[in-house]
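Visitor: Got a predicted structure here, sequence first:
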Amino acid sequence: MIQTIRGFRDILPEDTPLWQAIESCASKLFENFGFKEIRIPIMEKTELFARSIGETTDIVEKEMYTFPDRKGDKLTLRPEATASVVRAFIQHSMGASDSVQKLYTIGPMFRRERPQKGRYRQFYQINAEVFGIASPYIDAQLILILNELFKRLGLSELEAHINSLGCKECRPNFQKELLTFLQDKKEQLCENCLRRMDKNPLRTLDCKVPDCREALKDAPSTLNHLCSGCQDHFETVKSVLTEQGVDFIVDKTLVRGLDYYSKTTFEILTTALGAQSAVAGGGRYDALIKELGGDETYGIGFAIGLDRLAEIVAQMINSNAQEDAKAQTSKAHFLELMHSNSPDIFIIPLGDKAIRLAYMWTSALNIAGIKTETDYSGRSLKSLMKRADKLNAQYVLIAGDKEIEDNALVLRNMGTKEQYFVTTDNPVEQVETLLNRV
Ligand code: ATP
Ligand code: MG
């Protein structure tokens, strides 16, 4: 049997209602804040990612799916969305029509990592990007939006970590000091860090190797080297979040795995998924647009890991922990969404004539927006009642040859067991009226 590729997976129909609910919750929230959706290709020229994410990052060095197409062009399945959104912004001169652009996109990303719970080779992200705003208010607003989304999804155990990486004014000084610090720790660093150290000393701060972590725990922090502009910017972000009641932790070790960030960076962490703790991450990238060939334009964005988010929402729904009223409401809301696919009506046809009618009515009711199912197998009343139960149908409509002859079909509410009679002439109208009345 042919199976999925390692690290790739199907999201099965029992899970898609949850995914859809999260996606629609996010897109509604984005639209409230003035974001518009953009859809971008899943494949780009390799150079786009190499130049934006950075040659010495894990993603570019070892995680990308890159291959030559039939004519030898080097192509890559996108490992993240920001580079593509920036490319689209430049390619379509979007800044010329409106200097402020707020965009979001939802879709699959590809990284060849070691698969485990919460880590896949094809995974999904919800992405938001804002172009053309220098103000720290927008940094705070993006973190507020993430906070609000998680609140709406009923998640409370999340932690926002924030840091500032400085800008092209203050970062060189910091890098020099970090390099001096690293020179002294050379014996303790892994091969990767040693190799990247000179080109990109900041990468060492993101290394997950325990010995490196230990060696770097007293490493200098960008926060002590910010220029006054970056300092003020960061102070505003923090004070705005505090005033809005968004909790955060300043985390001086947060540098993120992509090279393009400057000033504010942030990550939302969870303890619910074991080692895979980041649910979302983002930051400011004021130099990236020019770097990729556009005009100098401010940029900031974030990416939410949808697979991980769906997993923790599912855990919340399935947990039996003591809950307050709000948690119960979000849970009920999700359960409703997840059952929204059960039919309103299951038509039980008994006899050949009835099967043909059941087919006609099912089609007409579905077109009219009343979710209806039936069965063409000619099975008994008892076995079809079982099937209606299994599908969680709200009503059954029993149509035996006899009922048709008597012009009195039975519509039964499966919950209350109440029964109504429906004649065979315009069942759709009658059912619509009955369903609206009860
Ligand atoms: P991690 O440190 O867990 O590898 P990352 O910093 O590489 O995450 P980003 O590039 O910031 O991740 O992507 C944003 C979000 O996308 C992450 O916070 C995470 O939720 C999700 N994500 C990243 N890689 C994967 C993956 N391989 N499988 C599932 N989700 C992922
Ligand atoms: Mg990663």
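Guide: In hand now; what should we look at? Ligands and ions are numbered 1, 2, ... in the order given.

Visitor: need the contact list for A50.
Guide: V60 (Cβ atoms under 8 Å, 6 or more residues apart in numbering). Glycine gets a C-beta too; all of them are placed from N, C-alpha and C.

Visitor: Show me how far the strand or helix carrying it is from its chain's centre.
Guide: Assigned by DSSP states H and E, A50 falls within helix 46-53. Between the centre of helix 46-53 and the centre of its chain there are 23 Å (Cα atoms, centre = their mean, to the nearest Å).

Visitor: any idea of the mean pLDDT in it?
Guide: Across helix 46-53, pLDDT averages out at 95.

Visitor: Helix or strand next in line after that helix, which one?
Guide: Following helix 46-53 in sequence, per DSSP H and E, is helix 58.

Visitor: In the stretch 101-250 of the chain, what residue lies closest to ligand 1?
Guide: F123 (3.3 Å; Cβ to the nearest ligand atom).

Visitor: Revised request: answer the last question for the chain.
Guide: For the chain, Cβ to the nearest ligand atom, closest residue to ligand 1: G305, 2.0 Å.

Visitor: ok, back up a step: wouldn't the residue of the stretch 101-250 of the chain closest to ligand 1 be in contact with I304 here?
Guide: No. Between F123 and I304 there is no contact under Cβ atoms under 8 Å: 11.0 Å.

Visitor: Wait, a strand at I22?
Guide: No. According to DSSP: H, G, I helix; E, B strand; the rest coil, I22 belongs to no strand; its state is helix.

Visitor: Spell out which residues sit in contact with it, please.
Guide: 126, 153, 306, 309-310, 313.

Visitor: re earlier: what values do phi and psi take at the residue lying closest to the residue of the chain closest to ligand 1 once chain neighbours are set aside?
Guide: Nearest non-adjacent residue to G305, counting by Cβ to Cβ, 6 or more residues apart in numbering: V279, 5.7 Å away. In terms of degrees, to the nearest 10, the main-chain angles of V279 are phi -100, psi -30.

Visitor: Ligand 1 contacts on the stretch 301-438 of the chain?
Guide: Within the stretch 301-438 of the chain, the positions near ligand 1 by Cβ under 6 Å from any ligand atom are 303, 305, 307-308.

Visitor: Redo those residues as a markdown table? Include distance to D139 and secondary structure.
Guide: As requested, those are arranged in a markdown table below (distance: Cβ to Cβ, whole Å; DSSP: H, G, I helix; E, B strand; the rest coil):
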| residue | distance to D139 | secondary structure |
| --- | --- | --- |
| A303 | 15 | strand |
| G305 | 20 | strand |
| D307 | 26 | helix |
| R308 | 23 | helix |
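
Visitor: farthest-separated two in those?
Guide: Farthest apart among these by Cβ to Cβ are A303 and D307. That separation is 12.0 Å.
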